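In: Sequence below, structure please.
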Amino acid sequence: MDAESYTDLLPLILLGVVFFVSAIAMLYWSSKRGQFRNFDSQASTIFTDEEPEGEISDSFPSK
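Out: Below is the predicted model of the structure:
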């Protein structure tokens with residue numbers, strides 16, 4: 001590849017930079033909102049009385 005053909009990669013490089021900057025911005029936003037605090041309590045919010053934590057309620061049918 002000669003130096004002139006690297007200009008064909010410019011849109012791909014710009015797209016990569018935009019994606020990287022947006023990922024860093026989203027990580028900064030989520031850390032400022034407190035999304036990374038207290039993972040253990042946040043992980044248990046999906047459990048209810050019908051499906052308590054630690055009990056297997058779903059299984060594959062046996063053949």
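In: rest of the way, CA atoms for contacts and neighbours
Out: OK.
In: okay, and for the protein, where does confidence drop off?
Out: 1-4, 63 (pLDDT under 70).
In: Which strand or helix spans D49?
Out: Assigned by DSSP states H and E, D49 falls within no helix or strand.
In: what does the lengthiest helix in the chain rub up against?
Out: In the chain, with assignment by DSSP state H, the single longest helix is helix 10-32. Residues from elsewhere that reach helix 10-32 (CA atoms under 8 Å, 6 or more residues apart in numbering): F36.
In: how far away is W29 from F36?
Out: 11 Å (CA to CA, to the nearest Å).
In: do the same with S44
Out: In terms of CA to CA, S44 sits 15 Å off from F36.
In: list the buried ones in the longest helix of the chain?
Out: Within helix 10-32, no residue counts as buried by 16 or more other CA atoms under 10 Å.
In: ok, L12 to F19 distance?
Out: For L12, the distance to F19 - CA to CA - is 11 Å.
In: now swap in F60 and tell me
Out: F60 is 40 Å from F19, by CA to CA.
In: same thing with Q42?
Out: For Q42, the distance to F19 - CA to CA - is 28 Å.
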